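Engineer: sharing a model prediction with you, sequence too.
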Amino acid sequence: MNSADTNKRPCKVSIIIPVLREQGIINDLLKHLKTLQTPPELEVIVVDGSPTHETLDAIKEKDIVLLSSAQGRGHQLNQGAAVANGDILLFLHADTTLPVNALQCIEGTLQDGQFVGGAFDLTISSPRFIFRVVSRLIFFRSWLTRVPFGDQAIFLRKNYFYAIYGYKDIPLMEDLELMRRIRKNGGKITLLRERVVTSPRRWECEGVVICTLRNWTIRTLYFLRVHPDILIQFYKNE
């Protein structure tokens, strides 16, 4: 083994999962994470925004870091990052699963220092044609704008995440706000071809067309500088 190989070590990845009443699916996700092709030192952190801790109480897996937090995804993600030991932070929604080689892809991408982070392509777990269309729209939107959303499993170098002060504590659009700041600071984000798989539940609950149009409307208004405190009313009034 040469000296270059001797000095290399796999980066430790911290997977941070913000949850709110996800007791029905959290154990399936944690079992899934155990099936990943993992490098040494993988850490999983679950941050519950519910004051009654339903999700934390339901967790059966061991060796998981369990945190209670005030509600709000940005706040929860920051709290998870504050205790993370990993060199890389991977922010994962509870209804999203990773490709089996996700961690190797992340480490390989960040190895040369060109990128500060990235995200995955996304597919929706449904055989319905409309969801294939939505998945492709998400793909084209991400590649055109270079702005991934939270359900695409955003990952960042921890030192860079701290340097830009993490997520802003706003009621929604915390992922877009973060990406806007990264771009403003000259950081480069990569979009991996590997796909995460997310649940269709939010589209099925609200209706595919209504949910998609609502999301596009909110994001467009956000880019036009409408404050998240106003945009959250799109959800509160449903």
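Structural biologist: It's in.

Engineer: and stretch 222-229, which residues are buried?
Structural biologist: 222, 228 (16 or more other Cβ atoms under 10 Å). For glycine as for every other residue, the C-beta is placed from the backbone atoms N, C-alpha and C.

Engineer: i'd like the first residue to be 341 from this point on
Structural biologist: New numbering, starting at 341: the last item is stretch 562-569.

Engineer: quote the end-to-end distance of that stretch.
Structural biologist: 11 Å (Cα to Cα, to the nearest Å).

Engineer: what does it rub up against?
Structural biologist: 510-513, 516-517, 571 (Cβ atoms under 8 Å, 6 or more residues apart in numbering).

Engineer: change it to 7 Å
Structural biologist: Stretch 562-569 is touched from outside by 510-513, 516, 571, with contacts defined as Cβ atoms under 7 Å, 6 or more residues apart in numbering.

Engineer: got the phi and psi for the closest residue to Asn425 other than its chain neighbours?
Structural biologist: Take Asn425 and drop its neighbours on the chain: the residue closest to it by Cβ to Cβ, 6 or more residues apart in numbering is Glu383, 5.7 Å away. Backbone torsions of Glu383, given as degrees, to the nearest 10, read phi -120, psi 140.

Engineer: go through stretch 472-491 and flag the buried ones.
Structural biologist: Neighbour counts over stretch 472-491 (16+ other Cβ under 10 Å) mark 474-475, 478-479, 482, 487-491 as buried.

Engineer: kindly export that stretch (C-alpha atoms) in PDB.
Structural biologist: Extracted C-alpha coordinates of stretch 472-491, given in PDB (Å, rounded to 0.1, in the frame of the first residue of the first chain):
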ATOM      1  CA  ARG A 472     -43.700   9.300 -14.400                       C
ATOM      2  CA  VAL A 473     -44.500  12.700 -16.000                       C
ATOM      3  CA  VAL A 474     -44.100  14.500 -12.600                       C
ATOM      4  CA  SER A 475     -40.800  12.800 -12.000                       C
ATOM      5  CA  ARG A 476     -39.400  13.900 -15.400                       C
ATOM      6  CA  LEU A 477     -40.600  17.400 -14.800                       C
ATOM      7  CA  ILE A 478     -38.700  17.500 -11.500                       C
ATOM      8  CA  PHE A 479     -35.700  16.100 -13.400                       C
ATOM      9  CA  PHE A 480     -35.800  18.800 -16.100                       C
ATOM     10  CA  ARG A 481     -36.500  21.600 -13.600                       C
ATOM     11  CA  SER A 482     -33.500  20.600 -11.400                       C
ATOM     12  CA  TRP A 483     -31.100  20.300 -14.300                       C
ATOM     13  CA  LEU A 484     -32.200  23.700 -15.800                       C
ATOM     14  CA  THR A 485     -32.200  25.600 -12.600                       C
ATOM     15  CA  ARG A 486     -29.500  23.700 -10.700                       C
ATOM     16  CA  VAL A 487     -31.600  24.100  -7.600                       C
ATOM     17  CA  PRO A 488     -32.600  20.800  -6.000                       C
ATOM     18  CA  PHE A 489     -35.400  20.500  -3.500                       C
ATOM     19  CA  GLY A 490     -35.400  18.800  -0.100                       C
ATOM     20  CA  ASP A 491     -37.100  15.700  -1.300                       C
END
